[in-house]
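1. The sequence and its predicted three-dimensional model are supplied below.
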Amino acid sequence: MGHLEAAHLEYYLPDGRPLLGDVSFRVGEGAAVALVGANGAGKTTLLRLLAGELRPHGGSVSTGGGLGVMPQFVGSVRDERTVRDLLVSVAQPRIRTAAAAVDEAELALMERDDEAAQLAYAQALSDWAEARGYEAETLWDKCTTAALGVPYERAQWREVRTLSGGEQKRLVLEALLRGTDEVLLLDEPDNYLDVPGKLWLEGQLRETPKTVLFVSHDRELLARSAEKIVSVEPGAAGSDVWVHGGGFGTYHQARKERFERFEELRRRWDEEHAKLKRLVMMYKQKAAFNSDMASRYRAAQTRLRKFEEAGPPLAPPREQDIRMRLRGGRTGVRAITCAELELTGLMRPFSLEVFYGERVAVLGSNGSGKSHFLRLLAGSPAGEAVGHAGAWKLGARVVPGHFAQTHAHPELAGRSLLDILWKDHAKDRGAAMPALRRYELDRAAEQPFDRLSGGQQARFQILLLELAGATALLLDEPTDNLDLESAEALQEGLEAYEGTVLAVTHDRWFARSFDRFLLFGADGRVRETAEPVWDEGRVARRR
């Protein structure tokens, strides 16, 4: 069995600011532990330190057993890498080294088919066998069959960008969970997974004998799978961590009580400080008229000095204060109308009416057409490319605001948040900063949009929807990258929003806050259900 331990880790950003300070925790053998925290608090950096990709500026990391890592990028691969490349990238180091040597030897053989190249190729294949590469291919065959439904021989040269984000995630998870590494670091393994995929992941995390540390913002997954919570808490000297020994169900109350203890200790310190200062002042006044009091005055001064030198108790971690002011506005009674609408190759014709003020959750498996539907309603250039038949229209005074799951906004790339607000929304620097501060983005004001974390990009997208005055929100997986506080702030913002909301979501916790539910089935049918339904078979059996 493996274990993972971090001892007094420190890490500084290139500009010298502390990101992580004195981080210590342990993940015991066979435990499944969640790493949570605010977007930008340093969770991914901490995982990279644990994985050995970054060197800490202080402290140490120790692991027992092989270490397998799922990077955050899995699910969003859009380059020319193949399925084989992806599987090799998460394999053990000796497999990666041997695979690179085979690739290099094959390329050399294609360029010059001489005896030296042939010998080099033969040696590379021998090294591949020595590294147990053929055993790895047998394992990968099970992985591609489970995740993609085809054997490795057929899947290995397929480009990863042709897979959905959920298929990419499932493939890598299959490889890591079936592999020989005893310790796994998983950075947001649930992103891009549909609910059946999340349920599968929950079962794997509960049943695997491996030691797992995983980052997630999915509240349902955390509640069902995490034995302990390691909470990354931002502070002036860099983020440190607090370990909650219970599950997610008691995490928020325990964290609240922890903050209250910080406040109580500070209150007691302030009271004692004030008491000592009064004592010094009293003896100073008495010593002025009575020399016998001089020694007591000096003793009181010494006591106060030592008390102040010891300093106040540690300041509590900085809590996020995210305030989303999604206002909306009154529209016609029928906000969205669809008549025999059909998305080409995705769904059968269906009719739908969504009325002003309704909250509609759009559910269904990956690839069923949900995102295409929202893009069509958004009426953006991307939406105009969605092939469809039938009719749809927005009601009077309906101004759609689209939140894109992929955060694909080429018009924002390379531009700072301040520049975007100033030039696109007529806000000067003085007006822009309070808006960014409400979304906890003021510290990232000068950063380009494409350099932000996924959660920061998501919050900024929501801010742009707020400023644009959208009266109908079309949200595609809005909570996928949001931290816990941001997701809760979004739910509160939507409750106060005076407008219509359609949200594609696989977030079961989030979905329960809606009042209508559309299920986009894998069979191409669109059904309305009275409650969130994640099992299409159950709906079909009812009919």
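-> Received, thanks.
2. only C-alpha atoms for contact and neighbour calcs from this point on.
-> Noted.
3. Flag the shaky bits of the protein, pLDDT-wise.
-> Within the chain, the ranges that satisfy pLDDT under 70 run 1, 236, 314-319, 380-385, 406-408, 426-428, 535-543.
4. Got the domain ranges for it?
-> Residue ranges for the domains of the chain, per automatic domain parsing: 3-248, 253-310, 334-542.
5. okay if I get the ones you listed as TSV plus mean neighbour count and distance to Gly328?
-> Below are these laid out as TSV (neighbours: other Cα atoms under 10 Å; distance: least, Cα to Cα, whole Å):
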stretch	mean neighbour count	distance to Gly328
domain 3-248	19	26
domain 253-310	14	32
domain 334-542	18	4
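6. residue contacts, the most centrally placed residue in the chain?
-> Using Cα atoms, centre = their mean, the residue of the chain that lies closest to the mean C-alpha position is Asn481, 3.9 Å off. If you count contacts by Cα atoms under 8 Å, 6 or more residues apart in numbering, Asn481 has them with Asn191, His217, Gly454, Gly455, Ala458.
7. Equivalent analysis for Thr144, please.
-> Thr144 touches Val150, Pro151, Tyr152, Ala155, Leu171, counting by Cα under 8 Å, 6+ apart.
8. The fourth one contacts Val83, doesn't it?
-> When you say that, I think you mean Ala155. Yes. Assessed by Cα atoms under 8 Å, Ala155 is found in contact with Val83 at 6.6 Å.
9. nearest residue to Leu374 other than its sequence neighbours?
-> Once flanking residues are discounted, Leu374 sits nearest to Leu474: 6.1 Å by Cα to Cα, 6 or more residues apart in numbering.
10. Give the partner strands of the helix or strand that contains the one you found in its sheet and their orientations.
-> Assigning secondary structure by DSSP states H and E places Leu474 in strand 472-476. Paired neighbours of strand 472-476 in the sheet (DSSP bridges): strand 400-403 (parallel), strand 500-504 (parallel).
11. Kindly export the first one (C-alpha atoms) in PDB.
-> As requested, C-alpha coordinates have been extracted for strand 400-403 and formatted as PDB (Å, rounded to 0.1, in the frame of the first residue of the first chain):
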ATOM      1  CA  PRO A 400     -29.700  35.900 -24.300                       C
ATOM      2  CA  GLY A 401     -26.400  35.600 -22.400                       C
ATOM      3  CA  HIS A 402     -24.400  32.500 -23.100                       C
ATOM      4  CA  PHE A 403     -21.900  30.900 -20.800                       C
END
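12. Let me see the residues that make contact with the next helix or strand after that strand.
-> With elements assigned by DSSP H and E, the helix or strand that comes after strand 400-403 is helix 417-424. The contact list for helix 417-424 (Cα under 8 Å, 6+ apart) reads Leu412, Lys427, Asp428, Arg429, Ala432, Met433, Ala444, Ala445, Glu446, Gln447, Pro448, Phe449.
13. Try it again at 10 Å.
-> Contacts to helix 417-424, defined as Cα atoms under 10 Å, 6 or more residues apart in numbering, come from residues 411-412, 416, 425-433, 435-436, 441-442, 444-449, 452, 457, 460, 463-464, 467-468.
14. Now do Asp141 against Ala129, distance only.
-> According to Cα to Cα, to the nearest Å, Asp141 and Ala129 sit 17 Å apart.
15. For Asn39, give me its contacts.
-> Asn39 touches 217, 232, 440, 452-457, 459, 481-486, counting by Cα under 10 Å, 6+ apart.
16. Return the subset of those residues lying in helices.
-> Using DSSP state H, the members of the contacts of Asn39 that fall within helices are Gly454, Gly455, Gln456, Gln457, Arg459, Leu484, Glu485, Ser486.
17. how about CSV for these, with distance to Met70 added?
-> CSV is the format used below for the ones in helices among the contacts of Asn39 (distance: Cα to Cα, whole Å):
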residue, distance to Met70
Gly454, 16
Gly455, 18
Gln456, 21
Gln457, 21
Arg459, 24
Leu484, 21
Glu485, 24
Ser486, 24
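18. And these, which is closest to Ala404?
-> The nearest member of these to Ala404, counting by Cα to Cα, is Gln457 at 10.5 Å.
19. on that earlier part again, format the strands paired with strand 472-476 as a markdown table; extra columns: distance to Lys306.
-> As requested, the strands paired with strand 472-476 are exported to a markdown table (distance: least, Cα to Cα, whole Å):
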| stretch | distance to Lys306 |
| --- | --- |
| strand 400-403 | 56 |
| strand 500-504 | 58 |
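20. Backbone torsions only: list them for Leu20.
-> When read as degrees, to the nearest 10, the backbone of Leu20 gives phi -130, psi 130.
21. That one pairs with what?
-> Beta-bridge partners, per DSSP bridges, of Leu20: Tyr11, Ser239.
22. residues touching it, list them.
-> 8-13, 41-43, 45-46, 56-58, 232-235, 237-241.
23. And it, how close does it get to Ser416?
-> The value you get for Leu20 to Ser416, if Cα to Cα is used, is 25 Å.
24. Residue for residue, what is the longest helix this protein has?
-> Under DSSP H, the chain gives helix 251-287 as its longest helix.
25. Could you tell me how far that helix lies from the centre of the chain?
-> On the basis of Cα atoms, centre = their mean, to the nearest Å, helix 251-287 sits 38 Å off its chain's mean C-alpha point.
26. Can you tell me which helices and strands it packs against?
-> strand 228-233, strand 240-244, helix 294-310 (3 or more Cα pairs under 10 Å, 6 or more residues apart in numbering; DSSP states H and E).
27. what's the closest of the ones you listed to Val362?
-> Short answer: strand 228-233, nearest of these by Cα to Cα, at 30.4 Å.
28. Okay, now the sheet partners of the closest one, with direction.
-> Strand 228-233 is paired, per DSSP bridges, with strand 32-37 (parallel), strand 240-244 (antiparallel).
29. what angle separates the following helix or strand past the first one from strand 228-233?
-> In this case it means strand 32-37. Sequence-wise, the next helix or strand downstream of strand 32-37 (DSSP H and E) is helix 43-51. Here helix 43-51 points in a direction 120 degrees away from that of strand 228-233 (axes from the mean of the first three to the mean of the last three Cα atoms, to 10 degrees).
30. Compute the inter-axis angle for the longest helix of the chain and strand 240-244.
-> 120 degrees.
31. Can you get me the start-to-end distance on stretch 207-216?
-> 18 Å.
32. Off-centre distance for it?
-> 16 Å.
33. One more: stretch 467-474?
-> On Cα atoms, centre = their mean, the centre of stretch 467-474 falls 24 Å from that of its chain.
34. for Pro312, helix, strand, or coil?
-> coil (DSSP: H, G, I helix; E, B strand; the rest coil).
35. check contacts around it.
-> Neighbour list for Pro312: Leu265, Arg266, Arg267, Arg268, Trp269, Asp270, His273 [criterion: Cα under 10 Å, 6+ apart].
36. Pick the one among the residues you listed closest to Thr63.
-> Leu265 (35.8 Å).
37. okay if I get the contacts of Asn481 as JSON lines plus distance to Met324?
-> Conversion of the contacts of Asn481 to JSON lines gives the following (distance: Cα to Cα, whole Å):
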{"residue": "Asn191", "distance to Met324": "23"}
{"residue": "His217", "distance to Met324": "19"}
{"residue": "Gly454", "distance to Met324": "18"}
{"residue": "Gly455", "distance to Met324": "15"}
{"residue": "Ala458", "distance to Met324": "12"}
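38. That concludes my questions; thank you for your assistance.
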